[in-house]
Structures are given as C-alpha cells and as structure tokens.
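S.K.: Next input, structure requested:
(one chain, ligands or ions: 2)
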Amino acid sequence: MAEVAEKPEAAAFDEVAAGTPAVKTVELTKRFGRTVALAGLSMTVPRGEVFGFLGPNGAGKTTAVKLLLGLLTPTSGEGWLLGKRLGDLGARRRIGYLPELFRYQAWLSAAEVLALHCELAPLPRSSWKDEIRTVLDTVGLTDRANDKIGTFSKGMQQRLGLGAALLGEPELVFLDEPTSALDPVGRHDVREVIRGLASRGTAVFLNSHLLSEVEQVCDRVAVVDHGRVIASGTMDDLLSGTTVRVRVTGLTQADKNKLSGFGRLDDEGDSLTFASLDAGRVPELVSSIVAMGGRVYEVAPRHQTLEDRFLQLLEDEEK
Ligand SMILES: Nc1ncnc2c1ncn2[C@@H]1O[C@H](COP(=O)(O)OP(=O)(O)OP(=O)(O)O)[C@@H](O)[C@H]1O
Ligand SMILES: [Mg+2]
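M.R.: Ligands and ions are numbered 1, 2, ... in the order given. Take a look at the predicted model:
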C-alpha cells in the first residue's frame, strides 16, 4: 500500500485506470423538475473507440455529456470516466470537450483563446506554444491565429472549439454536434480529425444528428430516446438488414398492405421501399409481387443505412 502512495500522482492514476473503459455509466438519471432528461442510462464506451451517441432532439444527449463532465450532478445513478468517478479532477484533466453551444471571447484572438484553455487545463506553460501551433494546424486555422474571434464565421469558431478540445492530447474527447456549423469540406475535415484521434488511441464520444457522418466515422453507437438507450452495438451489429426499393405498377392498396410483412414499407406510389429485410427474401418478395399481378420494373437492394435503422428504432418505440 505504502508503495502505491509513494508513486507520483500520474503513475498512480494510470495504474488504477489502466484497463478501465473510457466511459461507464450505471442507471444514470437526471430530472429537471418534472422533466426526466435521462431515465437510467447504462452504457460502456471502450478505450480508443469512436462512439456515436444518437437520438432525436431532446433525447438527453447533451444532458448525458454534461453529467459525464461533472457540469451537472445526477439525480441518481453512477458513472466513471477513465476509471474514475464522475467529477474526479485527475480524470477531467485528461479529457477534451467541444460544447454544443459554443461562444468564445470576441475580443481575443484564436491563439489567445487557446492559450486561455491551456491555462485552464492546466498545461505546463513551456508546452503552450507547440500545443497551440499543433491544434491550429489540425483544425486549419493557422492563417487566422492572430485574428480576433469577433471577425470569425460560426464555422471558424466551431473549428476553434474543436482545437481547444484537443489541447494537451486528451485520452477522451467529447464532441457535442461538432459539425453543426460546418460546410461539407469542414465536415470532411472533422471526420479526418476524429479518425486521427482514434488512430492515436484517443476515445471520442460523438453526439450527432448527422447519421451518415456517424456511420462513416464511428466504431460503435448507442441510440437514445426519451432518456433511455433503445439500441446499441457496433455498426455491424446494428446494420445487418437490407433495404430494397422496388419500382412496380398494378398493385392495389390491399396488395401493398399484404407485402408490408416483408419489412417496414415506405409507399411512394410506384416506388416501394422495404427496410430491414433479410437479403435472402428478395426473390420471395419479387415472386409475391408478380403473383399479385404487379409489373416489376426495378429491384434495387442496398445495405441498410444508419438512418434507415434509426427511423425504424424510433418508430418501433412509438408503437
Ligand atoms: N437546464 C435544464 N433545465 C430544464 N430542462 C432541461 C435542461 N437541460 C435540458 N433539459 C431538458 O432535458 C431534455 C433533454 O435535453 P438535452 O439537451 O439533453 O437533449 P439533446 O438530446 O441534447 O437534444 P438536441 O438534439 O436538441 O441537442 C429536454 O426535455 C430538455 O428540455
Ligand atoms: Mg444536445
């Protein structure tokens, strides 16, 4: 025991935290008066993975992030970051955070904002210059380092916020809607930054509505609705089904209703889309349509997208 106590703080931290998940929560709950923002969230985010936290507006995503960061206190339940209980200062020093509603000091330059964050972190002063230069380069703001934030577009401010979240090479980075203000090039750049973080072993907790983006970058996702996880797993676990679009004429509404047993049916007249279909049933679907007297012009199967799956999960929840 004495041996452990004599070790430097960081070494002791590593020993305790090694092998623990990046994030773990058990029945984490948050109420605001009568509103239940989070209704018993239990989840684990492994180290070094990109984790997508998805859900409709008001599902509880930002509340979950704020609880994990210690910016809100839970009504009940428990959680750990990097093996330490929520609120632990040692763990908080090892994380980065880009808030959903960011606003930086208009009168400071980009480099000054980053220096302020270095001081708040706190990082050793001798490292500030290199840290600031590196993150400005990562987020593509090197040319604007000395310009005042008041002259920045919203997207530039969001890039700066991402840069602030990366200072000090954190082990875990929370990004709450990091591309909400960005153009397609900016979104692409942020995906590259996230991939870069993952490749050096940093875990990323990504809140996003942009499902195609999440699909491209995340190893694992959890879908939250009304403050509860309704589905979670790796992208492969979640996206096992096939979606098939069939162009067909000559079917009555009653025929179409019978076909809805094949998968969630989106009926756009002559174009029927079946979601979450087992790929092996496509021939059976086509022969059923033909047997009903339907004339088939096109059958286009594609892998289920995260958006297909997300909509289906929320629809199932409504039922
Ligand atoms: N400070 C607060 N006071 C009262 N209610 C709050 C507060 N913060 C959040 N809520 C409520 O908690 C619920 C979850 O909100 P939260 O911001 O976590 O959702 P979200 O999933 O991040 O949504 P969005 O996709 O719109 O960002 C909502 O019903 C919201 O109104
Ligand atoms: Mg939010």
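
S.K.: just the strands in the stretch 51-200 of the chain please.
M.R.: 76-81, 84-85, 95-98, 172-176 (DSSP state E, counting those that start in this stretch).

S.K.: Tell me the strands beside the last one, with direction?
M.R.: Within its sheet, strand 172-176 is paired with strand 95-98 (parallel), strand 203-207 (parallel), according to DSSP bridges.

S.K.: ok, now which ones touch the residue in the stretch 201-319 of the chain positioned nearest to ligand 2?
M.R.: In the stretch 201-319 of the chain, the residue that lies nearest ligand 2 is residue 207 (6.1 Å; Cβ to the ion). Backbone N, C-alpha and C define where each C-beta goes, glycine included. Listed by Cβ atoms under 8 Å, 6 or more residues apart in numbering, the contact set of residue 207 reads 53-54, 61-62, 65, 100, 174-177.

S.K.: Okay, and the beta partners of it?
M.R.: Beta-bridge partners, per DSSP bridges, of residue 207: residue 53, residue 176.

S.K.: Same question for residue 277.
M.R.: So, taking DSSP bridges as the rule, residue 277 has residue 242 as bridge partners.

S.K.: just checking, it touches residue 283?
M.R.: No: when contacts are counted by Cβ atoms under 8 Å, residue 277 is not listed as touching residue 283 (11.5 Å).

S.K.: of the two, who's got more company?
M.R.: residue 277 (21 against 10; other Cβ atoms under 10 Å).

S.K.: Make sure residue 47 is actually in contact with residue 22.
M.R.: Yes: using Cβ under 8 Å, residue 47 is in contact with residue 22, at 4.9 Å.

S.K.: which residues are in contact with both of these two?
M.R.: Counting by Cβ under 8 Å, 6+ apart, the residues touching both residue 47 and residue 22 are 171, 203.

S.K.: Tell me how many other residues surround residue 275.
M.R.: As a burial measure, residue 275 scores 22 neighbours (other Cβ under 10 Å).

S.K.: And residue 180, how far from ligand 1?
M.R.: 9 Å (Cβ to the nearest ligand atom, to the nearest Å).

S.K.: which ones are touching that residue?
M.R.: 100, 158.

S.K.: Could I get the strands of the stretch 51-200 of the chain in CSV, plus columns for mean pLDDT?
M.R.: CSV is the format used below for those (pLDDT from 0 to 100):
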stretch, mean pLDDT
strand 76-81, 96
strand 84-85, 94
strand 95-98, 95
strand 172-176, 96
